[in-house]
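> Any chance you could fold what I've pasted below:
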Amino acid sequence: MEPDTTTRTKGLSDENIIELYWQKNENAIRVTNDRYGPFLYRIAYNILHDPQDCEECQNDTYLSVWNAIPPTRPQSFRAFIARIMRNIAIDKYYEKTRKKRVPSELTFSMEECGDLLSDREDPADEIMAEELGKMISHFLRLLGEKDRYIFMSRFYLVEPIEEIAKELHVTESAIYKKLTQLKAALKKYLAEKGVFL
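Purely as a prediction, here's the structure:
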């Protein structure tokens with residue numbers, strides 16, 4: 001009978017997990033899956049709605065993390081792996097939509113945020129996108145914990161409105177209203193910084 005490793009992995013900090021990757025210890029992937037597997041799966045499922053695709057994205061995420069650490073030493077391991085999973089799942093979503101129509105929360109999330117997205121595709125915009133990312137991160141740090149949770153859940157983790165409402169014990173209309181306020185506040189904040197979308 002194999003020893004139960006879940007108890008031991010629960011005691012590991014994210015810094016310990018990063019150290020396992022740094023040492024190229026293969027247990028790093030198992031520990032990451034034990035701790036963050038359901039979290040990563042949920043991100044993929046919100047975008048793809050296909051269990052097989054989600055599992056594939058999870059495996060691709062673990063491989064990407066393995067290849068990224070080292071040289072990268074993330075400050076927030078959870079945010080780091082979430083970003084990797086989100087990017088992989090979005091790539092998979094676009095790959096599938098080229099072949100057929102796929103229902104997804106991502107579609108609704110992007111439509112909600114449409115007035116904040118630029119249509120320009122100039123390669124020079126990549127630098128602006130990085131600056132914009134920093135500004136949005138700063139904006140999020142100015143928000144209260146609940147507002148930041150709502151914004152990140154909807155626009156970053158692509159959580160369905162009903163899930164966010166259920167998690168916060170509020171109505172769906174309250175979440176819609178809050179998202180409208182947050183988008184307006186972000187637009188105003190960016191305008192004050194000289195960014196007009």
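> Show me the strands in this structure, by range?
Taking DSSP state E as the criterion, the chain carries no strands.
> Quick one: mean pLDDT for stretch 41-53?
Throughout stretch 41-53, pLDDT has a mean value of 89.
> same thing with stretch 76-93?
Taken as a whole, stretch 76-93 has a mean pLDDT of 90.
> which ones are touching residue 164?
Taking C-beta atoms under 8 Å, 6 or more residues apart in numbering as the contact definition, residue 164 lies against 149, 150, 153, 154, 175. For the C-beta atoms, the positions are set from N, CA and C on the backbone; glycine is no exception.
> Now with 10 Å, please.
By C-beta atoms under 10 Å, 6 or more residues apart in numbering, the residues touching residue 164 are 149-154, 157, 170, 172, 174-175, 178-179.
> Mind putting those residues into JSON lines with neighbour count?
What follows is these, written out as JSON lines (neighbours: other C-beta atoms under 10 Å):
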{"residue": "149", "neighbour count": "16"}
{"residue": "150", "neighbour count": "25"}
{"residue": "151", "neighbour count": "21"}
{"residue": "152", "neighbour count": "16"}
{"residue": "153", "neighbour count": "20"}
{"residue": "154", "neighbour count": "26"}
{"residue": "157", "neighbour count": "20"}
{"residue": "170", "neighbour count": "15"}
{"residue": "172", "neighbour count": "14"}
{"residue": "174", "neighbour count": "14"}
{"residue": "175", "neighbour count": "23"}
{"residue": "178", "neighbour count": "19"}
{"residue": "179", "neighbour count": "21"}
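> Output these as JSON lines; include the columns pLDDT and distance to residue 195.
Converted to JSON lines, the contacts of residue 164 look like this (pLDDT from 0 to 100; distance: C-beta to C-beta, whole Å):
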{"residue": "149", "pLDDT": "87", "distance to residue 195": "24"}
{"residue": "150", "pLDDT": "91", "distance to residue 195": "22"}
{"residue": "151", "pLDDT": "88", "distance to residue 195": "17"}
{"residue": "152", "pLDDT": "84", "distance to residue 195": "20"}
{"residue": "153", "pLDDT": "84", "distance to residue 195": "24"}
{"residue": "154", "pLDDT": "85", "distance to residue 195": "21"}
{"residue": "157", "pLDDT": "78", "distance to residue 195": "24"}
{"residue": "170", "pLDDT": "94", "distance to residue 195": "31"}
{"residue": "172", "pLDDT": "92", "distance to residue 195": "30"}
{"residue": "174", "pLDDT": "95", "distance to residue 195": "29"}
{"residue": "175", "pLDDT": "93", "distance to residue 195": "26"}
{"residue": "178", "pLDDT": "94", "distance to residue 195": "23"}
{"residue": "179", "pLDDT": "92", "distance to residue 195": "20"}
